[in-house]
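Enquirer: okay, predicted coordinates and the sequence, questions at the end:
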Amino acid sequence: MSSLPISQHVILITLVLDGVSSHHSRRAYRKALQDFLLWCGAAGVRTFNKASVQKYKAELERLGFAPSTISQRLSAIRKLATEAADNALLAPEIAGGITRIKGPRREGVRIGKWLTLLPSQKRLNLFYAQSIRSLQADGQFPACSIPSPASSCMRNRYTAWK
């Protein structure tokens with residue numbers, strides 16, 4: 001048993017999906033494995049081994065998929081190899097080779113709008129002011145601006161505690 005024929009993968013997809021608890025992960029793994037099987041059929045790949053998975057990874061990179069998408073799809077394929085080995089459908093050496101395939105390198109910087117110091121402080125101050133106002137409205141925080149023992153709000157609170 002050197003490698004697993006592609007025709008038996010359909011049986012293993014159910015084993016893979018049964019081993020995944022999250023509904024979202026199950027959906028993503030199903031799509032990843034179906035895409036892999038479709039690619040195998042279109043590329044003429046007839047066996048499931050490390051070379052075929054590396055070829056698929058190279059194809060995903062060539063098509064411009066994001067590194068996180070490629071990693072997620074490779075995770076599903078690694079799980080497929082593990083399940084095949086656990087069910088004696090694939091030699092453990094071949095499954096081990098497939099599970100050792102690394103995901104793509106993540107290069108560059110994250111895209112997004114990062115706040116600088118001044119906008120960050122403005123947002124934090126706004127949040128703090130809203131928090132104080134809500135506590136004051138609930139009567140849990142004195143309504144004075146500078147709490148001191150001489151202020152009227154603190155005297156009222158002190159007399160209420162007695």
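Expert: Sure, I can see it.
Enquirer: in space, what's closest to Pro85 - neighbours in sequence excluded?
Expert: If you look again at residue 85, you'll see it is Ala, not Pro. Using CB to CB, 6 or more residues apart in numbering and skipping the chain neighbours, the partner closest in space to Ala85 is Ala95 (3.5 Å). C-beta here means a position set from N, CA and C on the backbone, and glycine is covered the same way.
Enquirer: what about the one you found, neighbour count?
Expert: Using other CB atoms under 10 Å, Ala95 has 23 neighbouring residues.
Enquirer: before we move on, what about the one 10 residues further on?
Expert: Around Arg105 sit 6 other residues, with neighbours defined as other CB under 10 Å.
Enquirer: same check on Lys57?
Expert: Lys57 has 20 neighbours, counted by other CB under 10 Å.
Enquirer: buried sites along the host helix or strand of it?
Expert: Secondary structure assigned from DSSP states H and E places Lys57 in helix 50-62. Neighbour-count burial for helix 50-62 flags Lys50, Ser52, Val53, Tyr56, Lys57, Leu60 (criterion: 16 or more other CB atoms under 10 Å).
Enquirer: show residues contacting stretch 55-71.
Expert: By CB atoms under 8 Å, 6 or more residues apart in numbering, the surrounding residues in contact with stretch 55-71 are 36, 39-40, 43, 45, 73-74, 77, 101, 103-106.
Enquirer: pick out whichever of those sits closest to Asp86.
Expert: Ile77 (15.0 Å; CB to CB).
Enquirer: Ala95 is in contact with Asn49, correct?
Expert: No. Using CB atoms under 8 Å, Asn49 is not in contact with Ala95; the gap is 9.5 Å.
Enquirer: give me the low-pLDDT residue ranges for this protein?
Expert: Filtered on pLDDT under 70, the chain yields the residue ranges 1-9, 108-112, 129-162.
Enquirer: walk me through the domains of it.
Expert: Split into domains by automatic domain parsing, the chain comes to 4-99, 117-161.
Enquirer: among the ones you listed, which is the most enclosed?
Expert: Comparing those on average neighbours per residue, with mean count of other CB atoms under 10 Å, the densest one is domain 4-99 at a mean of 16.
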